[in-house]
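In: pasted the sequence and its predicted model underneath.
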2 protein chains.
Amino acid sequence: MEFYIPAKIYHEDGAVLKHGKELASLGRKAFIVTGKSSAVKTGALDDVIKALEDSDTGYILYDKIEENPSVETVMEAADTGRDQGADFVIGIGGGSPMDAAKAIALMVQNRDTSGEILYQDIKIKALPVAEIPTTCGTGSEVTPYSILTRNDKKTKQSIRHKVYPAIACIDAKYLKHAPVSVIRNTAIDALGHLLESYFNKKATDYTRMLCQHGLMAWAKNRTVLSCGTEFTDENYNQLLFASTLAGMAISHTGTSIPHGLSYYMTYNKNIPHGKAVGMFLPGYLALIEKNLVPGYSDVIAGMGFNNLEEFKAFIGHCLGEYCITDEDAGKMVQEMLGNPQKLSSVPFETGEEELQDIIKYAR
Amino acid sequence: MEFYIPAKIYHEDGAVLKHGKELASLGRKAFIVTGKSSAVKTGALDDVIKALEDSDTGYILYDKIEENPSVETVMEAADTGRDQGADFVIGIGGGSPMDAAKAIALMVQNRDTSGEILYQDIKIKALPVAEIPTTCGTGSEVTPYSILTRNDKKTKQSIRHKVYPAIACIDAKYLKHAPVSVIRNTAIDALGHLLESYFNKKATDYTRMLCQHGLMAWAKNRTVLSCGTEFTDENYNQLLFASTLAGMAISHTGTSIPHGLSYYMTYNKNIPHGKAVGMFLPGYLALIEKNLVPGYSDVIAGMGFNNLEEFKAFIGHCLGEYCITDEDAGKMVQEMLGNPQKLSSVPFETGEEELQDIIKYAR
């Protein structure tokens, strides 16, 4: 088994300013990658700019990352970064800017106008990357993954290269401005990581440890996630801890079927990533139970549920309404059957029938 | 809280040869650091040499590291490494060669005939280091620590610099040739790391997670450690997993009083490191209980004991005979009172009286 998480993780109040010197020391000119508003609203962008200015480090701001960022956006950003001489990248936001930051760090370093090398099996290097999460789901602050929208393939897909962040600054105060729906959806994304990593052919003693603790931390926030009542700093910190642990786990195992199925729903139905993942979690666990995969009962109990029906009801309540048509179901099955890597992550034989079962459970 | 474990950890059968290319890619000429015999007996040295030769990477062998290596030995080794143009270091063995490898990696890179800079608060860089454990105690394969014997101060002391290994190759087969006494003593060293890190002022959610899982893995081997009957591959793997987790934990918290007291007994009474640590663990836990430190009952139960007396009996049985004289006790207390860093790691006020209590409990 392997364990490799090279990021220096600082999870604390004021993390960016406390470790601003180290952040700034990654290079001479930072390329700051954000979405359209959350980096500003949360105060994270201000903190980063202050840290850089305090160290006389230059920066360029690129604030046009959309949700589920496309290869085209990454290419445009990389052109800007390259033209202006950026030598490191800081991603601020949810999974979208943080994932984009890694692909941009590759493309600033390696000129390629088409972006094809993002999906080629060749050895290329990236600029150093720092990540600052403003949601509690993706774990992208520690993972080497960058999932981009491929309009050529009409879906989302991870790039071929692993770009490990050098530094992750995690501060609960950046979560305070997020709407409950964002906290909920991203927390369910993290839950997906924990469950899909725990029940995974590549799981090891290391990843199971991370998932068990992540699930415990996550479960402490079940009530507040379900009710949408006021979140405390402790809630935010626990959800961030859970999502970072989940990120560490999937860095080694990858995700599994719920994530694989979610990409279709997000690309075609514009459903937020966490919600799209959550739909398929009860069905995945149903198959885990049916196939007598070790650890099932411990995991259900570890989350504080008595049985799968309770878990399904909880998830259903958190997700709210959605609709999967017959056409969606058929296309998702076909898409997944064309994704042997995701299928091979499942700890039992999985084909068309099993995929249909998971989707049926979600409808 | 922080989390930083940059080493790429490979824990598996045949780890060195499976990842030989990566190991060799750390440089062009390796300086292999070993003790007098275990690297040869275990086959670890043969594996490393084969990995280097398969990649046409040069090497120099330095096999003169003694138990509890001295600054003088490190300096002699570093001179050899520098003269022969080594550009990375591979430590093979227990804590002694692995710790020495880190200090040597510093001193090959930084010429200083006295070795004074090892204990100076300045910024210096080290050559890349890979570590291959042949015992199950130190965790040095992942920690940044290098504890050396300082004959000028008549004790052991960690150098001032942090040298994080780049690669750790962990293979249970290297443990098979070790005498039961070595497995026992090193396993007790790992237990010390787990307990001293768990009950530590610097403990975080990350380090407690590592310690809890480490204690669980460790406790599965209680019977075989106590009886000294035949160890299985599973025993070796669990003890190695526990010691690596323990290393990850102390990388963040450091150790505490039992380690602090042990250095005197090792330097002056020639008692193996793990045994010297083990003596003081029951007394440390007695103070933890007395001061109502949270987690005490869970930890005792997590190790499978009903109470402290059972733990003390178990440790006593594993350690066998030893003697602490009145003179030793007095000198140890004085040495520890002069070590404010170790004292400050204790999660309650600790002075002369508490130190005397811990030592009394060990006699």
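Out: Received the coordinates, thanks.

In: burial count for residue A:174?
Out: Using other CB atoms under 10 Å in any protein chain shown, residue A:174 has 28 neighbouring residues. Any C-beta I mention is one placed from the backbone N, CA and C, and that applies to glycine too.

In: so residue A:8 touches residue A:170, yeah?
Out: No: with contact defined as CB atoms under 8 Å, residue A:8 does not reach residue A:170; the gap is 11.3 Å.

In: give me the number of residues near residue A:247?
Out: Residue A:247 has 31 neighbouring residues, counting by other CB under 10 Å.

In: I'd like the next helix or strand past the helix or strand containing it.
Out: Using DSSP states H and E, residue A:247 sits within helix A:233-253. Next along the chain after helix A:233-253, taking DSSP H and E as the criterion, comes helix A:257-269.

In: quick one, that following helix and helix A:233-253 angle?
Out: Per axes from the mean of the first three to the mean of the last three CA atoms, to 10 degrees, the angle that helix A:257-269 makes with helix A:233-253 is 100 degrees.

In: distance of residue A:326 relative to residue A:333?
Out: The gap separating residue A:326 from residue A:333 is 11 Å, by CB to CB, to the nearest Å.

In: those two: who's more crowded?
Out: Per other CB under 10 Å, whichever of residue A:326 and residue A:333 has more neighbours is residue A:333, with 20 against 8.

In: that one in helix, strand or coil?
Out: Secondary structure, DSSP: H, G, I helix; E, B strand; the rest coil: residue A:333 is helix.

In: hmm, residue A:358 and it touching each other?
Out: No: with contact defined as CB under 8 Å, residue A:333 does not count as touching residue A:358 (9.5 Å).

In: report the separation between the residue sitting nearest the centre point of chain A and residue A:193.
Out: With distances taken as CA atoms, centre = their mean, residue A:138 lies nearest the centre of chain A, 2.3 Å away. To residue A:193, residue A:138 is 8 Å away according to CB to CB.

In: so for the two, which residues contact both of them?
Out: A:243, A:247 (CB atoms under 8 Å, 6 or more residues apart in numbering or on different chains).

In: what's the neighbour count on residue A:80?
Out: For residue A:80, the neighbour count with other CB under 10 Å is 16.

In: follow-up on the earlier one: is chain B contacted by the helix holding residue A:247?
Out: Yes: residues of helix A:233-253 contacting chain B under CB under 8 Å from any CB of the partner chain: A:241, A:245.

In: show me what that helix is packed against.
Out: When contacts are defined as 3 or more CB pairs under 8 Å, 6 or more residues apart in numbering or on different chains; DSSP states H and E, helix A:233-253 sits against strand A:2-11, strand A:167-170, helix A:180-198, helix A:205-219.

In: what's the longest one packed up against?
Out: Helices and strands touching helix A:180-198, as assessed by 3+ CB pairs under 8 Å, 6+ apart, comprise helix A:205-219, helix A:222-227, helix A:233-253, helix A:257-269, helix A:273-278, helix A:281-290, helix A:308-319.

In: residues in the stretch 101-250 of chain A within reach of chain B, list them.
Out: Contacts of the stretch 101-250 of chain A with chain B, taken as CB under 8 Å from any CB, map to A:205, A:209, A:210, A:213, A:217, A:241, A:245.

In: identify the residue spatially nearest to the closest residue to chain B within the stretch 251-363 of chain A, adjacent ones excluded.
Out: Closest contact between the stretch 251-363 of chain A and chain B, by CB to the nearest CB, is at residue A:252 (10.6 Å). In space, residue A:252 comes closest to residue A:207 once its chain neighbours are excluded; the distance is 5.1 Å by CB to CB, 6 or more residues apart in numbering or on different chains.

In: ok, now which ones touch the residue lying closest to residue A:285 once chain neighbours are set aside?
Out: Excluding the flanking residues, the one nearest residue A:285 by CB to CB, 6+ apart is residue A:308, at 5.8 Å. The contact partners of residue A:308, taken as CB under 8 Å, 6+ apart, are A:282, A:285, A:286, A:289, A:300.

In: ditto for residue A:84
Out: A:29, A:31, A:60.

In: if we can go back for a sec, quick one: which of the helices and strands packed on helix A:233-253 is nearest residue A:86?
Out: Across the helices and strands packed on helix A:233-253, residue A:86 has its closest neighbour in strand A:167-170 (16.1 Å, CB to CB).

In: hmm, who's touching the closest one?
Out: Contacts to strand A:167-170, defined as CB under 8 Å, 6+ apart, come from residues A:7-12, A:15-16, A:19, A:22-23, A:26, A:130-133, A:141-142, A:240, A:244.
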